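In: Pasting the sequence and the predicted model now:
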Amino acid sequence: MKKIVLATNNRNKAVEIKQLLEGWDIEVLTLQDYPGLEMPGEDRPDFAGNAAKKAEAVASYTGLPAMADDSGLEVDALGGRPGVRSARYAGENSSDRENNELLLKELAGLPPEERGARFRCAVAMAVPGKETRVVEGSCPGRIAEKPDGEGGFGYDPVFIYEPEGITFARMSSEAKNRVSHRGKALQKARKLLKELL
Ligand code: IMP
C-alpha cells in the first residue's frame, strides 16, 4: 500500500486531510509516527516557502511522500500583516484571544471599507526524487469591529466571510470548509496527489 506522511501534529488538520483521502488505497502517517523527527522553524517570508520547507524536511527524514501546509491572515490596512506571523502576532506564545485583541486595536476607528483581509493557505507536496509542488487557496473577507461567534479557532471570531455577512466562527465547520482558504487549497492538493502518487 502507498504511504504519505502529513507534516503536522495538529489533530484537526490531520483529520481534515485524512477525510480528503478517504476511499484511496493509501496509508496516512503523521509526525506522531516519527517521534525523533525535529521540524524546522517557519522562517520563510511566505506561506508557500514555509509549507515546502516542512514537507521537504519530512520527505527527506522518512524517505516517503510528505504533505505540509502553512496558513494565516493578511490584512490590507496593515500591509499584509500578520501574514506568516499570524500564530505569533501578539508575541511568541500568544493566545488566539490576545492576537484578536491586538488586531482589533490596530484597526480601531477604520470604517468597514478599509478593513479588507484574506486568509491564505499553501499546501506543499514533497516526493523524494521529484520537484516539490505547492498549491494555494485564499478566502477574502473583512475584519469585524468586535469578536462574534463561538466556533472555529484563531481569527475566526473576527473574520467576516463577505458573501454570508457573518464571521467564520458563526459558520458550521462544513460550511466553512467549503469556502475557506484551506478547503480550496486541499481540493487542489487532492488533484496534485493523484498526479504525484
Ligand atoms: P499554521 O498554518 O498552523 O501556521 O497557522 C497559522 C495561524 O493562522 C493560526 O494559528 C491562526 O491564527 C491563523 N489561521 C489559519 N487558518 C485559520 C482559520 O481557518 N481560521 C482562523 N485562523 C486561522
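Out: Everything's here; your move. Numbering: from 1, shown residues only.

In: Quick one: list the elements packing against the least confident helix or strand in the chain by mean pLDDT.
Out: Within the chain, no helix or strand scores below helix 11-20, which has a mean of 76 by mean pLDDT, DSSP states H and E. Helix 11-20 sits against strand 2-6, strand 26-30, helix 181-196, with contacts defined as 3 or more C-beta pairs under 8 Å, 6 or more residues apart in numbering; DSSP states H and E. (C-beta placed from N, C-alpha, C; glycine too.)

In: Can I get the ones you listed in CSV including mean neighbour count and mean pLDDT?
Out: Output for those, formatted as CSV (neighbours: other C-beta atoms under 10 Å; pLDDT from 0 to 100):
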stretch, mean neighbour count, mean pLDDT
strand 2-6, 20, 92
strand 26-30, 16, 90
helix 181-196, 18, 90
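
In: Throw these into TSV and include distance to Glu74, thanks.
Out: Formatted as TSV, those follow (distance: least, C-beta to C-beta, whole Å):
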stretch	distance to Glu74
strand 2-6	25
strand 26-30	28
helix 181-196	10
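
In: what residues does the chain put near the ligand?
Out: Residues of the chain lying near the ligand by C-beta under 6 Å from any ligand atom: 70-73, 86-87, 119, 152-156, 168, 180, 182.

In: In ChimeraX, how would I select just the buried ones from those?
Out: Buried subset of these, written as a ChimeraX selection, criterion 16 or more other C-beta atoms under 10 Å:
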select :70,71,72,73,86,87,119,152,154,155,156,168,180,182
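
In: Could you point out which of the residues of the chain next to the ligand is nearest to the ligand?
Out: Closest approach to the ligand among the residues of the chain next to the ligand (C-beta to the nearest ligand atom): Gly154, at 2.4 Å.

In: In which helix or strand does that closest one reside?
Out: Assigned by DSSP states H and E, Gly154 falls within no helix or strand.

In: Which residue is the nearest non-sequential neighbour of it?
Out: Nearest residue to Gly154, sequence neighbours excluded (C-beta to C-beta, 6 or more residues apart in numbering): Asp96, at 5.4 Å.

In: now Ala117
Out: Nearest to Ala117 is Val75, by C-beta to C-beta, 6+ apart, at 4.5 Å.
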